[in-house]
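[1] structural data only, the sequence is not supplied:
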């Protein structure tokens, strides 16, 4: 075999043994098949021919064959490893250099497999995720779970001469999202009360927390600081923990919303459900209980009327030491028999003289945490019933005559009197007028 360089004039006889030249390797130059492996484009547009001799040493020269060597494309920018969280999109890109247009074929070696597989040029969505652009310079991938974790990707780049180069391999790492085991729930609180919103995260910790707040008249979520902060409408604290605390000072935060972003040790995050935050005004006492005076053995009631956001619950309380300490009233509390002690009106019967100067009040609770108000105190005065020290006596009188009936009372205080008359032997009685 003979060789004529692309800019040469003299034919060169190639060595019959395999030979490494400056521009490539030749072998089989003394056989019917010549093998050439160019290492550059220096052999481009060269020409080759072969001299064939028979046993009589007669020879013939073949036609000349042109040898075209095209340059390989090169990769100016290799794809790089990517680490993403489940459901987060990412891209792998390559930048080729060289002459002409380029074609691309992305391949992957899925975790747990050994073969390289061409990715479809179509947009594909499956149970493991979605990808697109497998026939372009940029491959987009969005994993739906951990199936693609620790896979490897590469791209075959071909130029217009159909020469190809394979890129470096890029590893694809997919990390799991944290999960919300316990979601925050809606809360209702009264102005001045304190409530908390909590979340329980599961997965690979430790976890970081970022609570966000959306006021009822806002469109942008506000990050709640971890430190205690006093705002125009109240106080927040613990925004960087699993439990945030909120103390509204008025109803400005009513119908607001909260959520928390939980981030795991791989910087993968999940957003909790949204919890509604309602703030009611404190209930008020429209009608306060009033002091009562009764006789021992008698009965009376104490009542309260509440106003505000209900429904309301009631708990009457009793102080036997002038208001120093208070205890919830139960039916068997001291001083009387009680009923209605958890309603707006409490009834006392068989009141004992020992209940004199007892004090009563009602604790009214509205809808929400911290929605309680305490009524004024009402004092119970208990007196012994008066006694009759001198009873009226029977009288006989003639028609047209006159007589008197008298009584003498004994006991505490001043007395009032009302005489009564029965005309039917004591069956019924009516006040004398």
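    The structure has been received and is ready for your questions. Since we're looking at a predicted model, the values are computed, not measured.
[2] what sits up against the helix or strand of the chain with the lowest mean pLDDT?
    Scoring the helices and strands of the chain by mean pLDDT, DSSP states H and E places strand 124-126 at the bottom, with a mean of 80. Contact with strand 124-126 is made by 130, 131, 132, 144, as judged by CB atoms under 8 Å, 6 or more residues apart in numbering. Every residue, glycine included, has its C-beta placed from N, CA and C.
[3] out of these, which end up buried?
    Among these, those classed as buried by 16 or more other CB atoms under 10 Å are 131, 132.
[4] can you classify residue 354 by secondary structure?
    At residue 354, secondary structure determined by DSSP: H, G, I helix; E, B strand; the rest coil is helix.
[5] how about it, what does it touch?
    Each residue near residue 354 by CB under 8 Å, 6+ apart is listed here: 334, 335, 382.
[6] mind checking which of those residues are buried?
    Buried, going by 16+ other CB under 10 Å: 335, 382, out of the contacts of residue 354.
[7] returning to that earlier point: partners of the least confident helix or strand of the chain, with directions?
    Counting by DSSP bridges, the strands paired with strand 124-126 are strand 129-132 (antiparallel).
[8] so for the strand it pairs with, mean pLDDT?
    Regarding strand 129-132, the rounded mean pLDDT is 94.
[9] quick one: contacts of it?
    With contact meaning CB under 8 Å, 6+ apart, strand 129-132 is reached by 119, 122-124, 139-145, 147-148.
[10] give me that answer again for 6 Å
    123, 124, 140, 141, 142, 143, 144 (CB atoms under 6 Å, 6 or more residues apart in numbering).
[11] and for stretch 399-417?
    Stretch 399-417 is contacted from outside by 383, 386, 387, 389, 390, 392, 395, 397, using CB under 6 Å, 6+ apart.
[12] tell me the contacts of residue 358?
    By CB under 6 Å, 6+ apart, the contact list for residue 358 reads 320, 335, 380.
[13] narrow those to those in strands?
    Secondary structure defined by DSSP state E assigns residue 380 of the contacts of residue 358 to strands.
[14] would you list the contacts of residue 358 in TSV and tack on pLDDT and distance to residue 271?
    Shown next, in TSV, are the contacts of residue 358 (pLDDT from 0 to 100; distance: CB to CB, whole Å):
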residue	pLDDT	distance to residue 271
320	97	55
335	96	57
380	98	57
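[15] middle-most residue in the chain, spatially?
    Nearest to the geometric centre of the chain sits residue 272, at 2.0 Å (CA atoms, centre = their mean).
[16] nearest residue to that one other than its sequence neighbours?
    Closest residue to residue 272 apart from its sequence neighbours, by CB to CB, 6 or more residues apart in numbering: residue 260 at 4.7 Å.
[17] what helices or strands is the one helix or strand that neighbour maps to leaning on?
    Assigned by DSSP states H and E, residue 260 falls within strand 256-263. Strand 256-263 sits against strand 208-214, strand 269-271, strand 275-280, with contacts defined as 3 or more CB pairs under 6 Å, 6 or more residues apart in numbering; DSSP states H and E.
[18] going along the chain, name the helices of the stretch 1-150 of the chain.
    For the stretch 1-150 of the chain, applying DSSP state H, counting those that start in this stretch gives no helices.
[19] likewise for the stretch 201-350 of the chain?
    Going by DSSP H, counting those that start in this stretch, the stretch 201-350 of the chain shows no helices.
[20] please report the distance of residue 129 from residue 142.
    As for residue 129, its distance to residue 142 is 5 Å (criterion: CB to CB, to the nearest Å).
[21] show me the shaky parts of the stretch 251-400 of the chain.
    Applying pLDDT under 70 to the stretch 251-400 of the chain picks out no residues at all.
[22] just give the closest residue to residue 166, not the sequence neighbours.
    Excluding the flanking residues, the one nearest residue 166 by CB to CB, 6+ apart is residue 156, at 5.4 Å.
[23] now do residue 341
    residue 329 (4.2 Å).
[24] you'd agree that neighbour is up against residue 337?
    No. Contact criterion CB atoms under 6 Å: residue 329 and residue 337 do not qualify, at 11.1 Å.
[25] of all the helices and strands packed on strand 256-263, which one comes closest to residue 433?
    Taking CB to CB, strand 275-280 is the member of these nearest to residue 433, at 54.7 Å.
[26] run through the neighbouring helices and strands of that closest one.
    Helices and strands touching strand 275-280, by 3+ CB pairs under 6 Å, 6+ apart, are strand 187-190, strand 256-263.
[27] could you dump these into TSV and include mean neighbour count?
    Converted to TSV, the helices and strands packed on strand 275-280 look like this (neighbours: other CB atoms under 10 Å):
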stretch	mean neighbour count
strand 187-190	22
strand 256-263	21
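[28] need the ones you listed in TSV with distance to residue 419, can you?
    Listed next are the helices and strands packed on strand 275-280 as TSV, based on distance: least, CB to CB, whole Å:
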stretch	distance to residue 419
strand 187-190	56
strand 256-263	69
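[29] out of the ones you listed, which comes closest to residue 19?
    Residue 19 sits nearest to strand 256-263 of all the helices and strands packed on strand 275-280, at 63.0 Å, using CB to CB.
[30] so which residues make contact with the closest one?
    With CB under 6 Å, 6+ apart as the test, strand 256-263 has contacts from 178, 197, 199, 201, 207-216, 269-272, 274-277.
[31] now it and strand 275-280, what's the angle there?
    150 degrees (axes from the mean of the first three to the mean of the last three CA atoms, to 10 degrees).
[32] quick one: strand 256-263 to chain centroid distance?
    4 Å (CA atoms, centre = their mean, to the nearest Å).
[33] cool, and stretch 216-232?
    Averaging C-alpha positions (CA atoms, centre = their mean) puts stretch 216-232 16 Å from its chain's average.
[34] show residues contacting that stretch.
    Under CB under 6 Å, 6+ apart, the answer for stretch 216-232 is 210, 211, 212, 213, 214, 236, 237, 239, 240, 244, 255, 256.
[35] run the last query once more with 10 Å
    Contact with stretch 216-232 is made by 197, 209-215, 235-241, 244-261, 271, 274, 276-279, as judged by CB atoms under 10 Å, 6 or more residues apart in numbering.
[36] how long is that stretch end to end?
    Its first and final residues considered, stretch 216-232 spans 14 Å by CA to CA, to the nearest Å.
[37] stretch 292-304 now?
    Its first and final residues considered, stretch 292-304 spans 14 Å by CA to CA.
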